[in-house]
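> Fold the following and give me the result.
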Amino acid sequence: MWNRRQGHLRPVGCGVEELRRRRREREAALRKARREKQLVSKRLLRDGAPEESEEGCVALILGEAEIQQFLWLAQRGTEEKERERALVSLRRGLQHPETQQTFIRLEGSMRTLVGILTSNHALLQLEAARCLHELSHSEQSAVAEACLPATSYLLTYISGHSSDLIELCLYTLGNLIVESEAVRRQLLPQGIVPALAACIQSPHLTVLEALGYALSQLLQAKEAPEKIIPSVLGSTLPQHMLQLLQPGPKLNPEVAVEFAWCLHYIICSQVNNALLITHGALSTLGLLVLDLAGAVQRSEDAGLELLVCPVLRCLSNLLTEAAFEAVGGQMQLRDERVVAALFILLQFFLQKQPSLLPEGLWLLNNLTANSPSFCTSLLSLDLIEPLLHLLPVSNVVSVLVLTVLCNVAEKGPAYCQHLWPGPLLPSLLDTLALSDTEVVGQSLELLQLLFLYRPEAAQAFLQHSGLQALERHEEEAQLQDRVHALQHTALHG
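Down below sits the predicted model:
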């Protein structure tokens, strides 16, 4: 990549194409690394459960005899209240792992609970579902697999009329999906994808949030790219998900967070992102970025970071698709508005959530990588200096800022005229004083482009002790070839 020729060290191919190729290779590796998933987790829904807050109601570990007694009372008690109280006691006992293990070992226990679940008594049905929900939250896969006889009924009830029962069934299914491949194998032929596609039209926000959770758990399965996501993309789910992410008065943040993560997992699978683009995913996500920036300006930013992270990741990853240009993706984004909104979010992150700065900068990198118009927006909005102010935040942030600036510089002399003279050169001298190899390497790359298109910048670099700044990295194996090449360019052009 960097060779000795005619006694001098210089970059092969003299810069632009080679630098661009190297950077794209590195970014491809970074993109692969950034296809990280939200931590798989289970959720426990206890709000609204009866007697949960009553004094003296301490959940006790139950033995076989007590479990059998509660099941008998729940099934054969003379009064509905007595039957319901028995199920409440059983549910509270099932909060203990010891009781869960005893329950699944007890012959006929799951069959009895499923029988109550399928009864025509709404309150008993709901309480039996709560018992299953407690079991679904177990960390033991054997407990999840013991719930297999109930999955077809849970799936049936998400098409029912009780929003409380639907919500409970969805969270229970989501928990079981995480824990057991056997559960997923059973649910797919039972029609979980069509059932979710029908359920997503529910008017109840709590149901939609629970559905988003269950779907996100399904999409994170290791077999999802081959066995699940193609079915999801072939259903009406993607269109409805994008509708739920449309900015406006009907946007519900909690629901939007769940479906933004769902979209993230689908995009990361790379099964058919062109389909999402044709459905208007770029336009929807771009408008949502504008809406989030507006919320920041109005100081309506409570919980905003929960939504902004998956939204930025979705948009960033879609921009890397080959289909982006082929299906007119460029037309779905408005250059200056998106860039301006992104900088509003970057300033918000800097003040309140610095850990999200890389997410915003990664999107800015992908916007500017192959788009002169986005680079022009960056310059016309005078955003180079605000970008440079982010350099001291961290090494990760520095690398991304420098990469964005390389995207601008490689567009040619007209773009470099906006980079020098100005604060860029002093900032690069500061980054050369750092010890992080990746930061210094990216600084060298930017300087190489700047000197190529603005030879006067090389003279200014020399006048500000640039050679001394380079000398400290001459012995670093990963940098020495590039250091020597830049020294030669600075001295000899």
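> List the buried residues in stretch 283-297.
By neighbour count with 16 or more other C-beta atoms under 10 Å, stretch 283-297 contains the buried residues 283-293, 295-296. In this view, the C-beta of every residue, glycine as well, is placed from N, C-alpha and C.
> same question, stretch 374-388
Buried residues in stretch 374-388, defined by neighbour count with 16+ other C-beta under 10 Å: 374-379, 383-384, 387-388.
> and if you look at stretch 123-131?
124-131.
> quick one: average pLDDT of that stretch?
Averaged over stretch 123-131, pLDDT sits at 95.
> likewise stretch 139-157?
pLDDT averaged over stretch 139-157 gives 93.
> one step back: can you lay out the buried residues of stretch 374-388 as JSON lines showing secondary structure?
Output for those, formatted as JSON lines (DSSP: H, G, I helix; E, B strand; the rest coil):
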{"residue": "F374", "secondary structure": "helix"}
{"residue": "C375", "secondary structure": "helix"}
{"residue": "T376", "secondary structure": "helix"}
{"residue": "S377", "secondary structure": "helix"}
{"residue": "L378", "secondary structure": "helix"}
{"residue": "L379", "secondary structure": "helix"}
{"residue": "L383", "secondary structure": "coil"}
{"residue": "I384", "secondary structure": "helix"}
{"residue": "L387", "secondary structure": "helix"}
{"residue": "L388", "secondary structure": "helix"}
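> JSON lines for these, including distance to L71 and pLDDT?
Formatted as JSON lines, the buried residues of stretch 374-388 follow (distance: C-beta to C-beta, whole Å; pLDDT from 0 to 100):
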{"residue": "F374", "distance to L71": "64", "pLDDT": "92"}
{"residue": "C375", "distance to L71": "68", "pLDDT": "94"}
{"residue": "T376", "distance to L71": "71", "pLDDT": "93"}
{"residue": "S377", "distance to L71": "66", "pLDDT": "93"}
{"residue": "L378", "distance to L71": "66", "pLDDT": "94"}
{"residue": "L379", "distance to L71": "72", "pLDDT": "94"}
{"residue": "L383", "distance to L71": "66", "pLDDT": "94"}
{"residue": "I384", "distance to L71": "70", "pLDDT": "95"}
{"residue": "L387", "distance to L71": "65", "pLDDT": "96"}
{"residue": "L388", "distance to L71": "68", "pLDDT": "96"}
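> ok, which stretches of the stretch 1-150 of the chain are strands?
With DSSP state E, counting those that start in this stretch, the ranges of strands along the stretch 1-150 of the chain come out as 2-5, 8-11.
> Where among those is average confidence lowest?
Of all the strands of the stretch 1-150 of the chain, strand 2-5 carries the lowest average pLDDT, namely a mean of 26.
> Against F70, how distant is the residue lying farthest from the centre of the chain?
What lies farthest from the middle of the chain is T78; by C-alpha atoms, centre = their mean that is 51.3 Å. Using C-beta to C-beta, to the nearest Å, T78 is found at 15 Å from F70.
> just to revisit the earlier point, and the buried residues of stretch 283-297 as a markdown table, adding secondary structure, distance to H240 and pLDDT?
Below are those laid out as a markdown table (DSSP: H, G, I helix; E, B strand; the rest coil; distance: C-beta to C-beta, whole Å; pLDDT from 0 to 100):
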| residue | secondary structure | distance to H240 | pLDDT |
| --- | --- | --- | --- |
| S283 | helix | 16 | 91 |
| T284 | helix | 12 | 94 |
| L285 | helix | 16 | 95 |
| G286 | helix | 19 | 93 |
| L287 | helix | 17 | 93 |
| L288 | helix | 16 | 94 |
| V289 | helix | 21 | 95 |
| L290 | helix | 22 | 94 |
| D291 | helix | 19 | 93 |
| L292 | helix | 21 | 94 |
| A293 | helix | 25 | 93 |
| A295 | helix | 23 | 91 |
| V296 | helix | 27 | 89 |
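> out of these, who's nearest E476?
V289 (38.6 Å; C-beta to C-beta).
> Tell me who's in contact with that closest one.
By C-beta atoms under 8 Å, 6 or more residues apart in numbering, the residues touching V289 are 311-312, 315, 338, 341-342, 345.
> In PyMOL, how would I select the buried members of the residues you listed?
Selecting only the buried entries of the contacts of V289 in PyMOL, with 16+ other C-beta under 10 Å as the criterion:
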select buried, resi 311+312+315+338+341+342+345
